[in-house]
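Asks: here's a sequence, model it:
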Amino acid sequence: MTGTAFDVAIIGAGHNGLVCAFYLARAGLKVIVLERRDIVGGAAVTEEFHPGFRNSVASYTVSLLQPKIISDLALHEHGLRIVHRKLANFLPTADGRYLAVGGGRTKSEVAKFSLKDAERLDDYDRRLAAVADLIRALMLEIPPNVSEGGLLSALPELLRASHLARRMGKLDLTAKRDLLALLGSSAGDFLDNRFESDPIKAVYGFDGIVGNYASPYTPGSGYVLLHHVLGEVNGVRGAWGHALGGMGAITQAMAKACAARGVDIRLRAPVREVLVEKRRVAGVVCDDGDTIRARAIISNLNPKLLFQKLVDPALLPEEFRERIHAYRMGSGTFRMNVALSELPRFTCLPEPGDHLTAGIIIGPSLAYMDTAFREARLKGWSQNPVVEILIPSTLDDGLAPKGAHVASLFYQHVAPVLPGGASWDDHRDEVAKLMISVVDRYAPGFAGSVLGRQVLSPLDLERIFGLTAGDIMHGHLALDQLFSARPVLGHGNYRMPVEGLYLCGSGAHPGGGVTGAPGHNCAQAVLMDLGRRRRI
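Replies: Alright, predicted model coming up:
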């Protein structure tokens, strides 16, 4: 394939790369996608991890995937089916009770702990929805870029900024204050000011630490909470669901949509270098020596991986290199998939039921979550971690043999890099055993039901999926790394410092999660630059 020419070459066949490829091919461009692994999907894949047991290996639940993208790529026609959890969340409490959220039960469940909090729920939901609607509307838009130069170059960005200002201007004063609080303060403070009981604050506060190496009281975690309520499933806003067949069903459907548009997807094709000629991209060089020439190069990789491994640093402005070096990484995430001989029986609710279809949260209070983070910062991981458990086989019986089940375990917090020079290779199994024992405290017998497991430390997530520092978000969702400043202020419009080089992954706006939005928006920027101005 040496010298083969394309309009666009995309590095990485994760979901954003596939979305971007589809839109560019639909506009008539010749597109190739180069994937290091032997399967498409990036971190959104389904694989067998124990004989007869399959599960979503890394990413594990559906909500943020954009409805427009589902429709445009006709993912349902390509086999995708998403079903709702019967409950959103289930939280065993420290005193042996539980809180169930969703399924029309939230208010009555919260009333078990606080009548005042139950009465405040409608107002909280209404106010959060007002802010979420604004942010949701911005997810499929290119942010205004902060640029140097004269009025002519700045005018398009000023128009974008004025459009944003008009939208924000439509918010009432209460919503503007709530937006400011969520962007600038912590999830814990935001919730403490609205509720008095620990269980409801813990369920909502968990959204503020998912993929976020931080305490729920860390400033900025309020936005992370908001980020996780932006989604919808089958038209129901704020809902969470499961893709039948696992997360790989999403990316397999995307790959079929791309193939139908003529996209060339090449597996086992790791890229070792972005080729630049006369200060402009000219193609990429693969590990096997093949050169793929293209007018535009789009990276679905973490920004640090792209600019510290694949692009000659001499081609980048010095300050940009410094900003990428300082780009904050690490989601504090440890992932495990387990094969189970039977469903867990929680002490607080031992019989099977809808609660086992929910996101099950081991983390009974914001104080517990705060301590877990602080202990991880000091020691590398917490002895009392926050653990979320999903049992997708309660909704999808094709993932495990009859009568058996699979579960995803998501652990917060662990240090992305262990203190004292320790390696995750030496402590992976220790933390995995701890993780199982924590679940066993709330569901006695769980440990004995584990038939097999797949353990992914932050280092494993980096090695396998290219998630630098194990960061599932491709960088902290902090105010200085959001919107026009993601990944670096001055390059928030998907266009990178080397002409013809673009970023379409979660390191670009609007950030992490299986959304498809960065891929959608990046394709729009590329089409503008290549003279294909058809809006997508």
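Asks: for the helix or strand containing Arg441, which residues meet the burial criterion?
Replies: Using DSSP states H and E, Arg441 sits in helix 424-442. Going by neighbour count (16 or more other Cβ atoms under 10 Å), the buried part of helix 424-442 is Trp424, His427, Arg428, Val431, Ala432, Leu434, Met435, Ile436, Val438, Val439, Asp440, Tyr442. Every residue, glycine included, has its C-beta placed from N, CA and C.
Asks: pretty sure the first one sits against Leu459.
Replies: Yes. Between Trp424 and Leu459 there is a contact under Cβ atoms under 8 Å: 4.0 Å.
Asks: with adjacent residues omitted, what lies nearest to Asp172?
Replies: Spatial nearest neighbour of Asp172, excluding adjacent residues (Cβ to Cβ, 6 or more residues apart in numbering): Ala130 at 7.7 Å.
Asks: how about that neighbour, what does it touch?
Replies: Leu171, Asp172, Thr174, Ala175, Asp178 (Cβ atoms under 8 Å, 6 or more residues apart in numbering).
Asks: any quick PyMOL command for the buried ones out of those residues?
Replies: Buried residues among the contacts of Ala130 (16+ other Cβ under 10 Å), as a PyMOL selection:
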select buried, resi 171+175+178
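Asks: now the buried residues of helix 424-442 as a markdown table including pLDDT?
Replies: Output for those, formatted as a markdown table (pLDDT from 0 to 100):
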| residue | pLDDT |
| --- | --- |
| Trp424 | 97 |
| His427 | 97 |
| Arg428 | 96 |
| Val431 | 97 |
| Ala432 | 97 |
| Leu434 | 96 |
| Met435 | 96 |
| Ile436 | 97 |
| Val438 | 97 |
| Val439 | 97 |
| Asp440 | 97 |
| Tyr442 | 97 |
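Asks: low-confidence ranges, the chain, go.
Replies: Low-confidence segments of the chain, defined by pLDDT under 70: 1-4, 147-163, 532-536.
Asks: isn't Trp482 right up against Gly511?
Replies: To be clear, residue 482 is Leu; Trp isn't right here. Yes. Between Leu482 and Gly511 a contact is recorded at 6.8 Å, counting by Cβ under 8 Å.
Asks: tell me which of these two has more neighbours.
Replies: Neighbours were counted for Leu482 and for Gly511 using other Cβ atoms under 10 Å; Gly511 has more, 27 against 21.
Asks: export the strand or helix carrying Ile324 as PDB, just CAs?
Replies: Using DSSP H and E, Ile324 falls within helix 318-326. Output of helix 318-326 as PDB, limited to C-alpha atoms (Å, rounded to 0.1, in the frame of the first residue of the first chain):
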ATOM      1  CA  GLU A 318       7.200  25.700  22.000                       C
ATOM      2  CA  GLU A 319       4.300  26.900  24.100                       C
ATOM      3  CA  PHE A 320       2.000  24.300  22.600                       C
ATOM      4  CA  ARG A 321       4.500  21.600  23.500                       C
ATOM      5  CA  GLU A 322       4.600  22.900  27.100                       C
ATOM      6  CA  ARG A 323       0.800  23.000  27.300                       C
ATOM      7  CA  ILE A 324       0.500  19.400  26.000                       C
ATOM      8  CA  HIS A 325       3.100  18.300  28.500                       C
ATOM      9  CA  ALA A 326       1.100  20.000  31.300                       C
END
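Asks: mind listing what's buried in that helix?
Replies: Of the residues in helix 318-326, Phe320, Arg321, Arg323, Ile324 count as buried by neighbour count, 16+ other Cβ under 10 Å.
Asks: swap in stretch 95-115?
Replies: Tyr98, Leu99, Ala100, Val101, Gly102, Gly103, Thr106, Glu109, Val110, Phe113, Ser114.
Asks: spit out the contact partners of the second one.
Replies: I take that to be Leu99. By Cβ under 8 Å, 6+ apart, the neighbours of Leu99 are Asn89, Phe90, Leu91, Thr93, Glu109, Val110, Lys112, Phe113, Pro199, Ile200, Val203.
Asks: tell me how far it lies from Leu356.
Replies: 15 Å (Cβ to Cβ, to the nearest Å).
Asks: can you list phi and psi of Asp38 for me?
Replies: Dihedral angles of Asp38 (phi, psi; degrees, to the nearest 10) stand at phi -100, psi 20.
Asks: and for Gly507?
Replies: Backbone geometry at Gly507, expressed as degrees, to the nearest 10, gives phi -80, psi 0.
Asks: test my guess that it contacts Asn302.
Replies: Yes. Counting by Cβ under 8 Å, Gly507 touches Asn302, with 5.6 Å between them.
Asks: any idea how far the closest residue to Gln308 other than its chain neighbours lies from Val276?
Replies: Once flanking residues are discounted, Gln308 sits nearest to Ile324: 7.0 Å by Cβ to Cβ, 6+ apart. Distance of Ile324 to Val276, given as Cβ to Cβ: 17 Å.
Asks: in stretch 35-48, what's buried?
Replies: Going by neighbour count (16+ other Cβ under 10 Å), the buried part of stretch 35-48 is Glu35, Arg36, Arg37, Ile39, Val40, Gly41, Gly42, Ala43, Ala44, Val45, Thr46.
Asks: hmm, the first one is touching Gly12, no?
Replies: When you say that, I think you mean Glu35. Yes. Between Glu35 and Gly12 there is a contact under Cβ under 8 Å: 6.4 Å.
Asks: anything in contact with each of the two?
Replies: With Cβ under 8 Å, 6+ apart, Glu35 and Gly12 have no common neighbours.
Asks: quick revisit: which residues are common contacts for Gly507 and Asn302?
Replies: Common neighbours of Gly507 and Asn302, using Cβ under 8 Å, 6+ apart, are His474, Gly475.
Asks: need the residues that contact whichever helix or strand Val203 is part of.
Replies: Using DSSP H and E, Val203 sits within helix 198-206. With Cβ under 8 Å, 6+ apart as the test, helix 198-206 has contacts from 89, 91, 93-94, 99, 101, 110, 113-114, 117, 121, 187-188, 191-192, 195, 216, 225, 361, 363-369, 386, 388.
Asks: could I have the CA atoms of that helix written out in CSV?
Replies: Once non-C-alpha atoms are left out, helix 198-206 reads as follows in CSV (Å, rounded to 0.1, in the frame of the first residue of the first chain):
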residue,chain,number,x,y,z
ASP,A,198,-26.4,11.0,52.5
PRO,A,199,-27.9,8.4,50.1
ILE,A,200,-29.3,10.8,47.5
LYS,A,201,-26.2,12.9,47.6
ALA,A,202,-24.0,9.8,47.1
VAL,A,203,-26.0,8.6,44.1
TYR,A,204,-25.9,12.0,42.4
GLY,A,205,-22.4,12.8,43.6
PHE,A,206,-21.0,9.6,42.1
